[in-house]
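Enquirer: Here is a sequence together with a model predicted from it:
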Amino acid sequence: MKTAISTQRAGFNCGRTTSTPHPRFTIGHTGIFVGLILLLLFCLLGPCTVAAQSAQVVVLHLDDTIQPITADYLKRGIDKAAELHAQAILVELNTPGGLLDSTRTMVGDILASPSPVIFYVMPAGSRAGSAGFFLMEAADIAAMAPGTNAGAAHPVVEVGKIDDTMKQKILNDTLAFLRSYVSMRGRNVDAAQDAVQNSKSYTDQEAQKLNLIDVVAPDERALLNDIDGRRVKRFNGTSDTLRTRGATLVPVEPTIREQIMDRLMDPNLAVLILMAGGLLIYLEFNTPGTIIPGALGTLLVLLALFSLNLLPVRYTSLALMVGALILMVLEAKFPSHGILAATGTVALVLGALTLVAGPIPEMRVQLATAIATGLAFGLITTFLVRIALIARHNKVQIGPEALVGAIGVAQQPLEPRGQIIVHGELWVAESAAPVAAGESVRVHGVDGLKLLVEPVQERVTA
């Protein structure tokens, strides 16, 4: 066996020259060599390709007043960026300003954001007014498009009258709040304070020259390309290098709830809903059993109260509106030739006009809205109340009470009880005096379902 095997192996070897390499040996080494090269290329180029493909920038749009719903939207966007491990959060801003409490909440969320935050005032003609200026200065990167402006951030207190000392306290507190993060961002503290203390407003070029913003860019792609590779110092002391060139933009759209609540945050709409709800509830009380006006009116009033609860409301103005309703009701009960109704309407207009103490005009009830709703509500309410009171004093038109005074015909002798016909209906009647069949009787009272009658002189045949 060993000899045979040796002969076979010798025969196999004799078919090939000794100078030719073994084919399996050559292919194996070549494959390993090629594999090592591909692995090296993947290690060198792969991470860059994967990073370029996975780079994401979350995009939010703040094109409204700054209020609690806006703060919720920004927080949701920051959470979304943290979930995606996004390179940055790009907030496209256009706002006239808003509530200081909501601004403080949003600034806190910006400073604590895991991803760098970029605030970009755009498009041309937009502004970062009042509260928007605070938000822009809090961002890791502050940018503006050409033709935009920012500033005019002096705090405005509309709730009641306050003395000069309290005004100074509020101003100093607001300035300290601004300084607390502007200096950490390495921006111009004096120019930022000037926007608050003296209501200064800056164009994009002025803001860049004064080191209030970092970039002026015509569009979002130009902005992301401009800041690509820039190293930003986070508020917690760490540093991040932005990789935003060619990044995938991930928009965060407002939810249906946020859209509805954002619309309800308009004080003018809130007042309209409140007035409409009040009228529908009154209709329900005026005509019990209709159900739909009462249910719809209650829903509208609750929606209005919910939105007003998120706004700075003057409770004295609310009391003025309640007093106006009382005057309108009194006008219907104690006719004063329209004096009470007119006074109530004026009080209603003034109450609606001053109801919301917004820091900016966009968050206050407009004069046209107050006059229109006040006059309409006053006239309609006075008219309905007057009709209701008149109806109560009118003669009853249905049921047995409506037959009092009517003339009927006895169908059988009333001694003292029998049947009569009144208005084509057969009724049981009772008479104190005898009444013969066919005689006319007059109804003078009602006792349950029994009519009390008395004879009349004329005789009517059935």
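Expert: Looks like it arrived, so ask away. Residues are numbered from 1 along each chain as shown.

Enquirer: Alpha carbons only: can I get the helix or strand hosting residue 168 in CSV?
Expert: Following DSSP states H and E, one finds residue 168 within helix 164-182. Extracted in CSV, the C-alpha atoms of helix 164-182 (Å, rounded to 0.1, in the frame of the first residue of the first chain):
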residue,chain,number,x,y,z
ASP,A,164,-40.2,102.9,40.2
THR,A,165,-38.4,100.7,42.7
MET,A,166,-40.2,97.6,41.6
LYS,A,167,-39.5,98.4,37.9
GLN,A,168,-35.8,98.8,38.7
LYS,A,169,-35.8,95.5,40.4
ILE,A,170,-37.4,93.7,37.5
LEU,A,171,-35.0,95.4,35.1
ASN,A,172,-31.9,94.5,37.1
ASP,A,173,-33.1,90.9,37.5
THR,A,174,-33.6,90.6,33.8
LEU,A,175,-30.1,92.1,33.0
ALA,A,176,-28.5,89.7,35.4
PHE,A,177,-30.3,86.8,33.8
LEU,A,178,-29.0,87.9,30.4
ARG,A,179,-25.4,88.4,31.6
SER,A,180,-25.3,85.0,33.3
TYR,A,181,-25.0,83.3,29.9
VAL,A,182,-24.0,85.9,27.4
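
Enquirer: so how far is it off the chain centroid?
Expert: 29 Å (CA atoms, centre = their mean, to the nearest Å).

Enquirer: which stretches of the stretch 151-300 of the chain form helices?
Expert: Secondary structure of the stretch 151-300 of the chain (DSSP state H, counting those that start in this stretch): helices at 164-182, 189-197, 204-209, 220-227, 256-264, 267-286, 292-309.

Enquirer: How about the contacts made by residue 373?
Expert: If a contact means CB atoms under 8 Å, 6 or more residues apart in numbering, then residue 373 has 271-272, 275, 348, 352 as its contacts. For the C-beta atoms, the positions are set from N, CA and C on the backbone; glycine is no exception.

Enquirer: which residue sits closest to residue 247, ignoring its sequence neighbours?
Expert: Nearest-residue entry for residue 247: residue 55, 4.2 Å, with adjacent residues in sequence omitted and distances by CB to CB, 6 or more residues apart in numbering.

Enquirer: Could you verify my assumption that residue 293 touches residue 281?
Expert: Yes - counting by CB atoms under 8 Å, residue 293 sits close enough to residue 281 to count as a contact (7.3 Å).

Enquirer: Lowest average pLDDT across the helices of the stretch 151-300 of the chain?
Expert: Per-stretch mean pLDDT for the helices of the stretch 151-300 of the chain is lowest at helix 267-286 (a mean of 85).

Enquirer: which helices and strands does it pack with?
Expert: helix 256-264, helix 292-309, helix 367-393 (3 or more CB pairs under 8 Å, 6 or more residues apart in numbering; DSSP states H and E).

Enquirer: In JSON lines, list those helices along with distance to residue 435.
Expert: What follows is these, written out as JSON lines (distance: least, CB to CB, whole Å):
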{"stretch": "helix 256-264", "distance to residue 435": "69"}
{"stretch": "helix 292-309", "distance to residue 435": "48"}
{"stretch": "helix 367-393", "distance to residue 435": "33"}
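
Enquirer: Which one of those lies nearest to residue 209?
Expert: For residue 209, the closest of the helices and strands packed on helix 267-286 is helix 256-264, at 35.1 Å, according to CB to CB.

Enquirer: start to end distance for stretch 206-220?
Expert: The straight-line separation of the ends of stretch 206-220 (CA to CA, to the nearest Å) is 20 Å.

Enquirer: Kindly report the same for stretch 326-344.
Expert: Taking CA to CA as the measure, stretch 326-344 stretches 8 Å from start to finish.

Enquirer: Please name whichever of the helices of the stretch 151-300 of the chain is nearest to residue 108.
Expert: Among the helices of the stretch 151-300 of the chain, helix 164-182 comes nearest to residue 108, with 9.8 Å by CB to CB.

Enquirer: between the closest one and helix 189-197, how many degrees?
Expert: With axes from the mean of the first three to the mean of the last three CA atoms, to 10 degrees defining the directions, helix 164-182 sits at 140 degrees from helix 189-197.

Enquirer: what sits up against helix 164-182?
Expert: Residues from elsewhere that reach helix 164-182, judged by CB under 8 Å, 6+ apart: 100, 104, 107, 111, 134, 137-138, 153-155, 157, 162, 188-189, 192-193, 196-197, 235.

Enquirer: Could you turn the buried ones of those residues into a PyMOL selection?
Expert: Buried residues among the contacts of helix 164-182 (16 or more other CB atoms under 10 Å), as a PyMOL selection:
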select buried, resi 100+107+111+134+137+138+153+155+188+189+192+193+196+197
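
Enquirer: In strands, which of the contacts of helix 164-182 appear?
Expert: Among the contacts of helix 164-182, DSSP state E puts none in strands.

Enquirer: out of the helices of the stretch 151-300 of the chain, nearest to residue 129?
Expert: Nearest of the helices of the stretch 151-300 of the chain to residue 129, taken as CB to CB: helix 189-197 at 9.9 Å.

Enquirer: Model confidence for residue 58, exactly?
Expert: Per-residue pLDDT puts residue 58 at 97.

Enquirer: same question, residue 3
Expert: If you check residue 3, the pLDDT there is 38.

Enquirer: same question, the one 5 residues further on
Expert: At residue 8 the predicted local confidence, pLDDT, stands at 38.

Enquirer: try residue 85
Expert: Predicted confidence (pLDDT) at residue 85: the value is 93.

Enquirer: Against residue 233, how distant is it?
Expert: 20 Å (CB to CB, to the nearest Å).

Enquirer: So if I had to pick from these two, which one is more boxed in?
Expert: Neighbour totals were compared for residue 85 and residue 233, and residue 233 leads with 14 against 11 (other CB atoms under 10 Å).

Enquirer: If residue 92 is in a bridge, with which residues?
Expert: Per DSSP bridges, the residues bridged to residue 92 are residue 61, residue 120.
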